[in-house]
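Novice: Okay, structure incoming, though there's no sequence with it:
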């Protein structure tokens, strides 16, 4: 009799193990997506830090840029120096997608502050003062499995502005 009870218990344990393995297989994409969402949330958190104050003399990209920026500031605020609105820092958004997650900043001109995933170039006036998106991405995804990295790699580029 004890032998039969033992075999029934083993059968039940095998069924339980099989069911749990099937559940695990189904939940692996959810776990990967969760880790991708965690990663993009961390990227957004780091990117939301304000840049360092401007240094003088300003290293303009061109004379045209210098004239445009000064005219824009004078028109909107009526005075110099420019007062930050922090819209770029608050502009970082994260979204879960069907295959992972994405992080983006749609604030006008953000690519000149943060660069893009493909191009790490910043405008000269922001050079070295703001974090670069690609550098932060590379630091956050270190150690993540390749599939998860691929699921967040397609970060939309910042808007042109």
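Specialist: Yes, it's here. Source: prediction; values computed, not measured. Residues are numbered from 1 along each chain as shown.
Novice: May I have the distance across stretch 41-54, first residue to last?
Specialist: End-to-end distance for stretch 41-54: 27 Å, by Cα to Cα, to the nearest Å.
Novice: same thing with stretch 102-110?
Specialist: 16 Å.
Novice: Show me which positions of that stretch end up buried.
Specialist: 102, 103, 104, 105, 107, 109, 110 (16 or more other Cβ atoms under 10 Å). C-betas here are computed from N, CA, C, even on glycine.
Novice: same thing with stretch 115-132?
Specialist: With the criterion 16+ other Cβ under 10 Å, stretch 115-132 contains buried residues 115, 116, 122, 123, 125, 126, 130, 131, 132.
Novice: Equivalent analysis for stretch 41-53, please.
Specialist: 42, 43, 44, 46, 47, 51.
Novice: Just send these back as a markdown table, with pLDDT, secondary structure and distance to residue 75 too.
Specialist: Below are the buried residues of stretch 41-53 laid out as a markdown table (pLDDT from 0 to 100; DSSP: H, G, I helix; E, B strand; the rest coil; distance: Cβ to Cβ, whole Å):
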| residue | pLDDT | secondary structure | distance to residue 75 |
| --- | --- | --- | --- |
| 42 | 91 | helix | 38 |
| 43 | 90 | helix | 34 |
| 44 | 90 | helix | 31 |
| 46 | 92 | helix | 33 |
| 47 | 90 | helix | 29 |
| 51 | 86 | coil | 23 |
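Novice: so where's the chain shaky on pLDDT?
Specialist: 1-12, 16-17, 20-32, 77-82, 153-161 (pLDDT under 70).
Novice: All the helices of it, in order from the start?
Specialist: 2-47, 63-76, 87-90, 110-114, 133-141, 146-153 (DSSP state H).
Novice: hmm, back to that, closest one of the buried residues of stretch 115-132 to residue 147?
Specialist: Distances from residue 147 to those, taken as Cβ to Cβ, are shortest for residue 116 (23.1 Å).
Novice: my read: the closest one touches residue 133, true?
Specialist: Yes - between residue 116 and residue 133 there is a contact under Cβ atoms under 8 Å: 6.4 Å.
Novice: So which of the buried residues of stretch 102-110 belong to strands?
Specialist: Using DSSP state E, the subset of these located in strands is 102, 103, 104, 105.
Novice: Now for the second one: which residues touch it?
Specialist: This points to residue 103. By Cβ atoms under 8 Å, 6 or more residues apart in numbering, the contact list for residue 103 reads 40, 41, 43, 44, 47, 92, 93, 94, 95, 152, 155.
Novice: Could you tell me how far residue 46 is located from residue 104?
Specialist: 14 Å (Cβ to Cβ, to the nearest Å).
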